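>>> Everything below, folded, please.
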Amino acid sequence: MTKIVDLLDAKVLEAYISNISNNGIYADGDITWTLSDTDKVIVADQSKVFTYIITVPKDTFGTYANTVTAYPAEGENVIANANVVADCVVEAPDTGIFDSTWAKILVGVVFIGVGVNYLQISKFTKKLYISVNEFSDDRRKKNFEKKVVKR
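From the prediction side, this is the model:
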């Protein structure tokens, strides 16, 4: 092999790329590794790894096309294609509060019930207060009338 060229998807920006191994160079949407004398020789059943890291912002998640071409000293070029899906699953932290939908619904119903009952209790308390006051007023009147009659 004389060189390896990795053609990156057009959506990949230079700012996304880091840690290119083996002195690879990024230019115009490609990463090129020009192989040294020790890297040029690859025998059967042997592999060599050339790496880089792409950090993709969440607003650019999606599928990225990637084409790698290896250029041998003799013979035809070797081409490999891949589609890479960049995605991230972020799980909400387990708080233990309202983990299930039924718990959320139940709490909502309880709050509604408390609110309605509070309004009813307020009305009942007012009616009870008025009734007690009326009863007290009636008793006072009767007691007063009894005292007046006795005199």
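>>> secondary structure class for the spatially most central residue of the chain?
In the chain, the C-alpha nearest the mean C-alpha coordinate belongs to residue 90, at 3.9 Å (CA atoms, centre = their mean). Following DSSP: H, G, I helix; E, B strand; the rest coil, residue 90 is assigned to coil.
>>> swap in residue 70?
strand.
>>> Now it. Nearest residue, chain neighbours left out?
residue 78 (4.3 Å; CB to CB, 6 or more residues apart in numbering). Quick note: C-beta positions are derived from backbone N, CA and C, even for glycine.
>>> which residues does that neighbour contact?
Residue 78 is in contact with 69, 70, 72, counting by CB atoms under 8 Å, 6 or more residues apart in numbering.
>>> Looking at the residues you listed, spot the one nearest residue 17.
residue 69 (18.0 Å; CB to CB).
>>> Just the buried residues of the helix or strand harbouring residue 84, please?
For residue 84, the host element (DSSP states H and E) is strand 78-86. Of the residues in strand 78-86, residue 86 count as buried by neighbour count, 16 or more other CB atoms under 10 Å.
>>> could you dump it to PDB, C-alpha only?
The C-alpha atoms that make up strand 78-86 are tabulated as PDB, following Å, rounded to 0.1, in the frame of the first residue of the first chain:
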ATOM      1  CA  VAL A  78      -9.400  -1.400  -2.900                       C
ATOM      2  CA  ILE A  79     -12.600   0.500  -2.000                       C
ATOM      3  CA  ALA A  80     -14.800   0.100   1.100                       C
ATOM      4  CA  ASN A  81     -18.000   1.900   1.700                       C
ATOM      5  CA  ALA A  82     -20.000   2.400   4.900                       C
ATOM      6  CA  ASN A  83     -22.900   4.400   6.200                       C
ATOM      7  CA  VAL A  84     -22.500   5.400   9.800                       C
ATOM      8  CA  VAL A  85     -25.400   6.500  12.000                       C
ATOM      9  CA  ALA A  86     -24.500   9.200  14.500                       C
END
